[in-house]
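Asker: I would like to see how this sequence folds:
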Amino acid sequence: MRTTFNLNRKSVEAEPEPRTTLADCLRDELRHTGTHIGCEHGVCGACTVLVDGAAVRSCLMLAVQADGCDVETVEGLAENGALSVLQKAFRKHHALQCGFCTPGFLMTAHGLLLREPFAGPDRIRDVLAGSLCRCTGYIPILEAVLDAQQAYQQTRKSMP
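Answerer: Model (predicted):
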């Protein structure tokens, strides 16, 4: 089935089989391999992407369901080759080790901070609890999100 959607602010077309997940379409057809596939049951969070601004598990969504949507992957965070504020904060706070879960955490945090730039630590912790990491112990991830939060707040304040 032909499906067209915006991927990281660029229109793309794909022809996935109707049963193909968005994660598989992104990785195999569109070669956006930053979206990782872990559990394939929606519990680990490694495959999290934003669809129309909402964080979704791309292993649970069919590619054809993205037709007409705006999809953002971890590759869309950096602009003009420069890391985003959130990516820089992850690096600064050593919020990644093996890196497998990192794209999912980044997209989950990015989605939250876009919608709720003034979320408190408990809310951030609650949202991030849906992603699993075996390496970092989570504290550096929370510190990175809190560090980047001010930039998201400034962006929100500057919006009309």
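Asker: elements contacting the top helix by length along the chain?
Answerer: Longest helix in the chain by number of residues, with DSSP state H as the criterion: helix 139-158. Identification of packing neighbours for helix 139-158 by 3 or more C-beta pairs under 8 Å, 6 or more residues apart in numbering; DSSP states H and E yields helix 85-92, helix 102-115, helix 121-128. For the C-beta atoms, the positions are set from N, CA and C on the backbone; glycine is no exception.
Asker: 6 Å instead?
Answerer: helix 85-92, helix 102-115 (3 or more C-beta pairs under 6 Å, 6 or more residues apart in numbering; DSSP states H and E).
Asker: disregarding residues adjacent in the polypeptide, which is nearest to the residue nearest the centre of the chain?
Answerer: The residue lying closest to the centre of the chain (C-alpha atoms, centre = their mean) is residue 107, at 1.9 Å. Among residues not flanking residue 107 along the chain, residue 48 sits closest, at 4.5 Å (C-beta to C-beta, 6 or more residues apart in numbering).
Asker: hmm, the one you found is touching residue 103, no?
Answerer: No - here residue 48 does not reach residue 103: they are 7.4 Å apart, not a contact under C-beta atoms under 6 Å.
Asker: and the two? Which one has more around it.
Answerer: residue 48 (29 against 24; other C-beta atoms under 10 Å).
Asker: and this structure, what are its domains?
Answerer: With domains defined by automatic domain parsing, the chain comprises 3-76, 85-158.
Asker: need those domains in JSON lines (columns: mean pLDDT).
Answerer: Compiled in JSON lines, the domains of the chain are given as follows (pLDDT from 0 to 100):
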{"stretch": "domain 3-76", "mean pLDDT": "97"}
{"stretch": "domain 85-158", "mean pLDDT": "93"}
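Asker: follow-up on the earlier one: so how far is the longest helix of the chain off the chain centroid?
Answerer: Chain-centre distance of helix 139-158: 15 Å, with C-alpha atoms, centre = their mean, to the nearest Å.
Asker: in it, what counts as buried?
Answerer: 140, 141, 142, 143, 144, 145, 146, 147, 148, 149, 151, 152 (16 or more other C-beta atoms under 10 Å).
Asker: for the first one, which non-adjacent residue is closest in space?
Answerer: So the one you mean is residue 140. Nearest residue to residue 140, sequence neighbours excluded (C-beta to C-beta, 6+ apart): residue 95, at 4.1 Å.
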